[in-house]
Each structure stands twice: as C-alpha cells, then as structure tokens.
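A.B. asks: pasting a predicted model and its sequence here:
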Amino acid sequence: MTVFRLLHMNANIVYLGGVAFNALFALLIIIISMKLCPEFKYFYAVITFIPIVFWLMSSYSYDCMNFVLSMLLFSY
C-alpha cells in the first residue's frame with residue numbers, strides 16, 4: 001500500500017496493511033451485497049464463511065477483489 005510506503009514503513013508492515021485493507025474492503029462489499037439483495041443474505045453469509053473463501057479474503061492478491069465485486073454484481 002502506498003500510504004505505508006510513504007510513511008517509510010518496513011516491508012512486513014506494508015504487507016500486513018495490504019492484507020488488512022483487503023479483508024476490510026471485502027467485508028464492506030459483502031455487507032453492501034447483503035443489503036442490496038436481502039433474499040440471498042444467508043446464501044452470501046454461507047459462501048463468505050467457507051474456509052477457502054475466508055482464506056482468500058485475507059490474502060494479498062487480486063482474487064479477493066474479483067470475488068467480492070462479482071458478488072456485488074450478482075446482487076443487483
């Protein structure tokens with residue numbers, strides 16, 4: 001994350017900050033998806049708490065963004 005690099009943090013802090021932002025962003029988008037489509041609220045909750053999805057949301061890759069944005073797209 002650029003914010004952590006501008007603050008001259010070491011690589012471990014930059015990595016952990018990116019992982020934390022990724023997880024928080026994923027949870028925010030999932031909550032928005034649940035609000036937009038309340039009939040599938042429990043389905044989204046079950047999908048979110050599958051262990052591989054939970055691990056994917058707390059990683060440092062773009063897969064998390066693709067997953068939660070596709071959830072948001074299908075909730076419309």
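C.D. replies: Perfect, thanks for sending it.
A.B. asks: any idea how many residues pack against the residue nearest to residue 76 when sequence neighbours are not counted?
C.D. replies: With sequence-adjacent residues excluded and distances taken as C-beta to C-beta, 6 or more residues apart in numbering, residue 76 is closest to residue 36, at 6.6 Å. Yep, even glycine has a C-beta here, placed from its N, CA and C like the rest. If you count neighbours by other C-beta atoms under 10 Å, residue 36 ends up with 14.
A.B. asks: I'd guessed residue 36 sits against residue 71; true?
C.D. replies: No: between residue 36 and residue 71 there is no contact under C-beta atoms under 8 Å: 9.9 Å.
A.B. asks: output the contacting helices and strands for the top helix by length along the chain.
C.D. replies: In terms of residue count, the longest helix belonging to the chain (DSSP state H) is helix 11-36. For helix 11-36, the contact count by 3 or more C-beta pairs under 8 Å, 6 or more residues apart in numbering; DSSP states H and E identifies helix 2-6, helix 41-48, helix 51-57, helix 63-75 as packing neighbours.
A.B. asks: contacting residues for residue 58?
C.D. replies: 19, 22, 23 (C-beta atoms under 8 Å, 6 or more residues apart in numbering).
A.B. asks: may I see the PyMOL selection of the buried members of those?
C.D. replies: Typed into PyMOL, the line below selects the buried ones among those, using 16 or more other C-beta atoms under 10 Å:
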select buried, resi 19+22
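A.B. asks: nearest to residue 44, of the contacts of residue 58?
C.D. replies: The nearest member of the contacts of residue 58 to residue 44, counting by C-beta to C-beta, is residue 23 at 16.1 Å.
A.B. asks: ok, so what distance separates the residue nearest to residue 15 when sequence neighbours are not counted from residue 19?
C.D. replies: Spatially, and ignoring its direct neighbours in sequence, residue 15 is nearest to residue 60 (6.3 Å; C-beta to C-beta, 6+ apart). Distance from residue 60 to residue 19, counting by C-beta to C-beta, to the nearest Å: 5 Å.
A.B. asks: with adjacent residues omitted, what lies nearest to the residue nearest the centre of the chain?
C.D. replies: Centrality entry for the chain: nearest residue to the mean C-alpha point is residue 26, 2.0 Å, by C-alpha atoms, centre = their mean. With sequence-adjacent residues excluded and distances taken as C-beta to C-beta, 6+ apart, residue 26 is closest to residue 57, at 4.3 Å.
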